[in-house]
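Chemist: Generate a structure from the sequence data that follows.
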Amino acid sequence: MPEYTADLNTTLTQSQFCRLEPRGQLHCIQVRHPHFSADILTQGAQVLSFTPTGEDNWIWLSETAKFKTGISVRGGIPVCWPWFGDLGKNPAEVKKLCANETAPAHGLVRGVEWQLDALEETASSVTMTLEYHQKPSSLWEAEAELKLTISMTGERLSLALTTTAGATPLAITQALHTYFPVKDIHKTRVVGLEGCRYTDALDNWTTRTQRGPIVFTEETDRIYQSPAHISLISEGRNMLLTSDSESAIVWNPWVDKAARLSQFPDDAWQRMFCVETANALDDWIQIAPGHSHTLTMTLSKTSPE
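Modeler: A predicted model of the protein is given here:
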């Protein structure tokens, strides 16, 4: 299990609502506030759960998730950075910082340890920031500082991922890869992307225009451009996802791919889907030396239809 500095342990020992607990081979910051609870892994700064008091978990986590050092956990909100998806499908400006196109999908930071940088608590909220310093390596030639700020109240969950470039300019794609639980994927809709253009990764990367709400009838893997507020409507729950990004990914593996995925029960495609706040494909980000870029998302609940 990873070692931690005295500062981290001292901070959490003094916390009223947070404590550090083992989760398999990993460390988990458990938040137990009167208005909500949450679990956040220090590996990958990955939110595993967020549950307002008296409600069900807003985030899906695989029943067969493995908590092993260096392995990304299936579910929650993984941080994909400094590229999203297959590196080979990324813009040339992003690929040129990586020396190996067989590099892992979704970047470099999902399986590494982040450090707790700040923690603030009130009677109604908890806000924490985890940070990671990415140094030049055999896979990626640049240097950057990452900070993920997680803000929680009984009504909303907000994440802000800030990238600060080192001495050289950065070109990145990225995503907050959020998994959502549903009772029945067949009764689930994604509203708010009507009229948006999208790239269909399952149809030779063809560009199309969304007509009507998104419903799930087969494997779905699409990158949408210019999303606005996105409503996630499922049986018994409506959620609102807002962000400042210019792209969003909608994904469900359906039957065949679910059977091939790791840490994923064969039938779990019926109980989950992803809408990912992202900068992807042509929506890549250029960051000048010493400058920063922040990707934000906020999840809140709305009244059922």
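Chemist: list the contacts for His121?
Modeler: For residue 121 the amino acid is Glu, not His. Glu121 makes contact with 15-18, 33, 127, according to CB atoms under 8 Å, 6 or more residues apart in numbering. For glycine as for every other residue, the C-beta is placed from the backbone atoms N, C-alpha and C.
Chemist: again, 6 Å this time
Modeler: 16-17 (CB atoms under 6 Å, 6 or more residues apart in numbering).
Chemist: Enumerate the beta-bridge partners assigned to it.
Modeler: Under DSSP bridges, the beta-bridge partners of Glu121 are Val126.
Chemist: Please enumerate the helices of the stretch 1-150 of the chain.
Modeler: For the stretch 1-150 of the chain, the helices defined by DSSP state H, counting those that start in this stretch cover 6-14, 92-95.
Chemist: same deal with the stretch 201-305 of the chain?
Modeler: Using DSSP H, counting those that start in this stretch, helices in the stretch 201-305 of the chain cover 254-258.
Chemist: thinking again about what came up before, among the helices of the stretch 1-150 of the chain, show the one with the smallest mean pLDDT.
Modeler: Across those, helix 6-14 has the smallest mean pLDDT, namely a mean of 68.
Chemist: Poorly predicted segments of the stretch 51-200 of the chain, please.
Modeler: 101 (pLDDT under 70).
Chemist: Relative to Cys80, how far out is the nearest residue to Ser247 once chain neighbours are set aside?
Modeler: Nearest non-adjacent residue to Ser247, counting by CB to CB, 6 or more residues apart in numbering: Asp283, 4.2 Å away. According to CB to CB, to the nearest Å, Asp283 stands 14 Å off from Cys80.
Chemist: who has more neighbours, these two?
Modeler: Neighbour count, other CB atoms under 10 Å: between Asp283 and Cys80, Cys80 has more, with 25 against 19.
Chemist: That one bridge partners, please.
Modeler: Per DSSP bridges, residues listed as beta-bridge partners of Cys80: Ala175.
Chemist: likewise Leu299?
Modeler: Beta-bridge partners recorded for Leu299 (DSSP bridges): Leu157, Leu241.
Chemist: what about it, how many neighbours?
Modeler: Counted with other CB under 10 Å, Leu299 comes out at 22.
Chemist: try Thr294
Modeler: Count around Thr294 with other CB under 10 Å applied: 12.
Chemist: what's near enough to touch it?
Modeler: By CB under 6 Å, 6+ apart, the neighbours of Thr294 are 160, 162.
Chemist: Looking at it now. What's its pLDDT?
Modeler: pLDDT recorded at Thr294 is 98.
Chemist: Could you shift the numbering so residue one becomes 54, and keep it that way?
Modeler: Will do, 54 is the new start, and the previous item becomes Thr347.
Chemist: Next one: it from Leu229, what distance?
Modeler: According to CB to CB, Thr347 stands 12 Å off from Leu229.
Chemist: quick one, what contacts the nearest residue to Val126 once chain neighbours are set aside?
Modeler: With sequence-adjacent residues excluded and distances taken as CB to CB, 6+ apart, Val126 is closest to Ala118, at 5.0 Å. Counting by CB under 6 Å, 6+ apart, Ala118 touches 126-128, 316.
Chemist: Quick check: of these, which lies closest to Thr351?
Modeler: Nearest to Thr351 among those, counting by CB to CB, is Gly128 at 19.8 Å.
Chemist: List the beta-bridge partners for that closest one.
Modeler: In this entry, Gly128 is beta-bridged to Leu114, by DSSP bridges.
Chemist: now it: how far from Gln323?
Modeler: Per CB to CB, Gly128 is found 15 Å from Gln323.
Chemist: same thing with Arg85?
Modeler: 30 Å.
Chemist: more neighbours, the two?
Modeler: Ranked by neighbour count (other CB under 10 Å), Arg85 and Gln323 place Gln323 first, with 19 against 13.
Chemist: Quick check: closest non-adjacent residue to the more buried one.
Modeler: Residue nearest to Gln323 in three dimensions, not counting chain neighbours: Ile238, with 5.2 Å by CB to CB, 6+ apart.
Chemist: Distance-wise, check that neighbour relative to Ser125.
Modeler: To Ser125, Ile238 is 23 Å away according to CB to CB.
Chemist: Neighbour count: those two, which is higher?
Modeler: Ser125 (25 against 20).
Chemist: Assess the claim that that one and Arg163 are in contact.
Modeler: Yes - the pair Ser125 / Arg163 is scored as a contact, 3.9 Å apart, by CB atoms under 6 Å.
Chemist: quick one: common contacting residues for those two?
Modeler: Listed as contacting both Ser125 and Arg163 by CB under 6 Å, 6+ apart are Pro131.
Chemist: what about Asp109, neighbour count?
Modeler: 10.
Chemist: er, Lys240 actually
Modeler: Counted with other CB under 10 Å, the neighbours of Lys240 add up to 13.
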